[in-house]
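**Student:** no sequence for this one, just the structure:
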């Protein structure tokens, strides 16, 4: 960290500035040596050879600053440290044994040469060291003696080792620096991407019409969009119940305010997940959902709370239920009158048997229509009355198949009934007949001409089962997921204008749930649909007439 500012400044320099920066330590050291020599040994300082060698160092420093190195090959500047070695050798020879330590100054040019990071620079450093020992005696005409030969051999070996070490360190530092630069670029890119993503998330959160609040493991707000500025509490350290700006919230009864511990944000802060829970305020209705955030170890790390304003939807549903209730009440009167006149017709003594059969079937369907009107009221009030009794599911299904035969024949559809004999249990025969009618009616509606609808009744252990299988258009996975939703109709029903209100399966599901049974659909596009009703045969024996919700 100490040399980081110097390195940053070095990287901003051009070839000329870098050459001066490399030469400056040696020039400065020679200046200090000259001053000390003047003080301690003035005779040496006045020697012309010593002065000439000092002039060489000054000339080399000036060359570093004057030569346009950027216009020359990159390694041309290495001529300076090579000449430095010769100049240091001359200075050492001029001072003789008095300043033999000047040989240590060879470290400066050797390190400069070795910092080129190429292996050939080590050889160049060794060669320059040899020249520093060979050239000065030749220039001064002194010849070679024993110590000179020893220096010629040992000095290149020692400084060559230093050059190799410096070269290795320089390469390692260069590789590390490049790696750090790559990592720094990646971190910078990730930081920029993170900032862009944060801006994107903030924009998305402020754009969508859903209030979103993210909490950490301590229940403090991490992220919140403007839709929750007052609803979920604005103070990060306070819960929604403690925030003075947070309006009163009410539960399903819409009369008693929710206690603080039941507020959505308080529950989310405790790590309690929930889905689509309706919350009422004085003016609005919200659907609240909480999902937990888990860390890498599977522990609780926070939660995300979402509020969807469903006021318009709730008001529309209330208006729809009110409409259904009103229409159902209006339909009861004419249906009751129709049933009354059919009873009078059946009371005639000389009634033709065929006419009697037709009127009986019409009466039965009118009664079921009256039940459907009642179911519309039930749908609006979310309640259903069942009256269980001992009955045979086979007889009920047979009556439904018989009633549906005219419509099946009119559509060119074959309607078959397969039974294993009686299938007795304790259930409401009228309600079960209504459920079977719904399934057979749907099967006929969605089966093309020349298709087949097969109805099976059988027992499996302690269960009664009725399956209605058609060879019709079938349903996709998305349509199966919504099949039991009230007023939902498949895309084919809309495109082919098949009549219906989308209540049959919803009513059937409600009937089966109130009998502690269930209904399951299996289908694939173009391959037909199978609807299976399953009833407990023995568990309903102890059941009594009840009003189940």
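**Tutor:** Received it, and whenever you're ready, just let me know what you need. Keep in mind it's a predicted model, so treat the numbers as computed, not measured.

**Student:** for the longest helix along the chain, packing partners?
**Tutor:** What stands out as the longest helix in the chain, according to DSSP state H, is helix 146-207. Here helix 146-207 touches helix 107-114, helix 119-140, going by 3 or more Cβ pairs under 8 Å, 6 or more residues apart in numbering; DSSP states H and E. Every residue, glycine included, has its C-beta placed from N, CA and C.

**Student:** let me know the angle separating that helix from helix 107-114.
**Tutor:** Compare the direction of helix 146-207 with that of helix 107-114 by axes from the mean of the first three to the mean of the last three Cα atoms, to 10 degrees and you get 50 degrees.

**Student:** now helix 146-207: mean pLDDT?
**Tutor:** Averaging pLDDT along helix 146-207 gives 79.

**Student:** roughly how far apart are residue 313 and residue 293?
**Tutor:** 28 Å (Cβ to Cβ, to the nearest Å).

**Student:** and what of residue 283?
**Tutor:** 31 Å.

**Student:** tell me which of these two has more neighbours.
**Tutor:** residue 293 (15 against 7; other Cβ atoms under 10 Å).

**Student:** which residue is the nearest non-sequential neighbour of that one?
**Tutor:** Leaving aside its sequence neighbours, residue 293 sits nearest to residue 302 (Cβ to Cβ, 6 or more residues apart in numbering; 4.2 Å).

**Student:** got the angle for the longest helix of the chain vs helix 119-140?
**Tutor:** Going by the same axes, to 10 degrees, helix 146-207 makes 150 degrees with helix 119-140.

**Student:** and helix 146-207, how far from the chain's centre?
**Tutor:** Centroid separation between helix 146-207 and its chain, computed with Cα atoms, centre = their mean, to the nearest Å, is 35 Å.

**Student:** ditto for stretch 510-529
**Tutor:** 34 Å.

**Student:** how about that stretch: buried residues?
**Tutor:** 510-512, 514-515, 517, 519, 521, 523, 528-529 (16 or more other Cβ atoms under 10 Å).

**Student:** need the contact partners of it.
**Tutor:** 378, 384, 386, 388, 427-428, 431-432, 434-435, 442-443, 446-447, 469-476, 480, 483-484, 505, 508-509, 530-536, 539-540, 548 (Cβ atoms under 8 Å, 6 or more residues apart in numbering).

**Student:** let's see which of those residues end up in strands.
**Tutor:** Among the contacts of stretch 510-529, the residues falling in strands (DSSP state E) are 384, 386, 427, 469-470, 530-536, 548.

**Student:** ranking by neighbours, what's the top pick from the residues you listed?
**Tutor:** Among the ones in strands among the contacts of stretch 510-529, the one with the most neighbours (other Cβ under 10 Å) is residue 427, at 29 neighbours.

**Student:** distance of it relative to residue 437?
**Tutor:** Applying Cβ to Cβ, the value for residue 427 to residue 437 is 15 Å.

**Student:** residues in contact with the nearest residue in space to residue 528 that is not next to it in sequence?
**Tutor:** Using Cβ to Cβ, 6+ apart and skipping residues adjacent in sequence, the residue nearest residue 528 is residue 471, 4.5 Å away. By Cβ under 8 Å, 6+ apart, the residues touching residue 471 are 447-448, 451-453, 527-528.

**Student:** show me what the residue nearest to residue 271 when sequence neighbours are not counted bridges to in the sheet.
**Tutor:** Once flanking residues are discounted, residue 271 sits nearest to residue 300: 4.7 Å by Cβ to Cβ, 6+ apart. Counting by DSSP bridges, residue 300 is bridged to residue 294.

**Student:** would you agree residue 300 is in contact with residue 269?
**Tutor:** No: with contacts counted by Cβ atoms under 8 Å, residue 300 stays clear of residue 269, the gap being 10.6 Å.
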